[in-house]
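Colleague: quick one, fold the following:
(one chain, ligands or ions: 1)
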Amino acid sequence: MSKLLSVDDLTSGYSSAPVLRNVTLSVGKGEIVAVLGKNGMGKSTLLKTLMGFVRPLGGRVTLSGTDVTGRLPHLMARAGVAHAPQEKTLFQDLTVEENLRLGVYSDGVFRSRVADVEAVFPRMIERLKQRAGTLSGGEQKMLLMSRALISRPTLMLVDEISEGLQPTMVDRMASALIRARDELGISVLLVEQHLNFALTVADTFAVLKLGEVVETGASADVGSGATLAAHLAV
Ligand SMILES: Nc1ncnc2c1ncn2[C@@H]1O[C@H](COP(=O)(O)OP(=O)(O)OP(=O)(O)O)[C@@H](O)[C@H]1O
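Modeller: This is a model prediction of the structure:
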């Protein structure tokens with residue numbers, strides 16, 4: 001599988017003390033990769049560094065062979081990367097449609113791409129006129145993902161989308177991510193604590209422990225997942 005994203009020896013953090021140390025991983029075209037880790041292991045920091053919100057202290061990031069290390073967020077977005085963050089960054093007083101409009105640059109583009117959202121989250125289309133602040137927690141997460149989708153990314157960075165969701169909503173998120181890959185050709189790097197969800201959607205995984213990748217593999221080879229569960233145990 002040809003590589004879309006390559007992360008080589010990436011070190012990153014918020015001051016002189018690194019949070020991520022020498023992280024190496026890759027995402028192939030049309031692949032879903034899960035980074036698993038407990039609270040505070042550096043999962044969000046990884047996505048924020050890749051999106052350009054946090055400057056790397058060392059290492060290299062390439063996207064389709066182009067060096068994008070330390071590129072600013074708007075340039076990463078222009079290069080086809082979208083971020084669905086863990087924080088609720090929706091405009092609560094704006095409607096679903098108005099929030100989605102912020103992901104594109106014109107009405108025409110919005111109209112032509114709303115079908116992408118419909119293919120993955122039909123419920124969002126039923127709620128276009130509803131204020132974001134009145135959506136359920138699960139629907140707000142769908143909207144965060146939809147706002148990323150409507151930018152028609154080649155790579156989506158998805159931060160703990162299953163967190164706090166009921167099992168049925170977790171299943172819906174899993175099929176949405178698989179549809180995004182299969183129907184829209186979007187590659188996905190997701191960070192997660194929810195082992196079953198991650199292994200259901202991801203082709204491959206990496207375990208992050210105290211800022212370092214300690215294990216990698218293919219989801220299909222995990223078996224009972226006992227070793228992985230031990231990494232995620234509190
Ligand atoms: N803006 C910041 N300034 C300083 N330290 C930070 C900042 N953001 C995160 N950290 C620290 O970096 C470490 C990793 O945090 P990060 O949010 O990446 O972890 P995480 O694996 O995503 O955890 P969680 O699952 O709890 O969201 C933590 O010790 C955290 O306190």
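
Colleague: please count neighbours and contacts with C-alpha atoms only from this point.
Modeller: Will do.

Colleague: write out the residues of the protein neighbouring the ligand.
Modeller: Counting by CA under 6 Å from any ligand atom, the residues of the chain close to the ligand are 14, 19, 38-45.

Colleague: just the buried residues of the helix or strand containing A198, please?
Modeller: When elements are assigned from DSSP states H and E, A198 belongs to helix 195-201. For helix 195-201, burial by neighbour count (16 or more other CA atoms under 10 Å) applies to 195, 197-199, 201.

Colleague: same question, stretch 167-187
Modeller: By neighbour count on 16+ other CA under 10 Å, the buried set for stretch 167-187 is 169-170, 172-181, 184-187.

Colleague: need the helices for this protein, in chain order.
Modeller: With helices called from DSSP state H, the chain shows them at 43-51, 73-78, 96-101, 107-120, 122-126, 137-149, 167-184, 195-201, 226-232.

Colleague: which of the ones you listed sits closest to S2?
Modeller: Nearest of those to S2, taken as CA to CA: helix 167-184 at 15.1 Å.

Colleague: can you list contacts of that closest one?
Modeller: 30-32, 116, 119-121, 138, 142, 161-162, 186-188, 197, 200-201 (CA atoms under 8 Å, 6 or more residues apart in numbering).

Colleague: could I have the buried ones of the residues you listed as PyMOL selection syntax?
Modeller: In PyMOL, a selection of the buried entries from those looks like this (16+ other CA under 10 Å):
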select buried, resi 30+31+32+116+120+121+138+142+161+162+186+187+188+197+201
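
Colleague: can you put the buried residues of helix 195-201 in CSV and add distance to A226?
Modeller: Shown next, in CSV, are the buried residues of helix 195-201 (distance: CA to CA, whole Å):
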residue, distance to A226
L195, 10
F197, 15
A198, 14
L199, 13
V201, 18
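
Colleague: in a markdown table: those, plus pLDDT.
Modeller: Shown next, in a markdown table, are these (pLDDT from 0 to 100):
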| residue | pLDDT |
| --- | --- |
| L195 | 91 |
| F197 | 94 |
| A198 | 94 |
| L199 | 93 |
| V201 | 96 |
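
Colleague: go through the residues you listed and name the one nearest the ligand.
Modeller: Minimum distance to the ligand across these is 12.9 Å, recorded for L195 (CA to the nearest ligand atom).

Colleague: tell me who's in contact with the closest one.
Modeller: L195 neighbours (CA under 8 Å, 6+ apart): 36, 228-229.

Colleague: what packs against the helix or strand bottoming out on mean pLDDT in the chain?
Modeller: Lowest by mean pLDDT, DSSP states H and E among the helices and strands of the chain is helix 226-232, with a mean of 79. Under the contact criterion of 3 or more CA pairs under 8 Å, 6 or more residues apart in numbering; DSSP states H and E, helix 226-232 touches strand 204-209.

Colleague: neighbouring strands - and their directions - for the strand it packs on?
Modeller: Strand 204-209 has the following strand partners under DSSP bridges: strand 32-36 (parallel), strand 212-218 (antiparallel).
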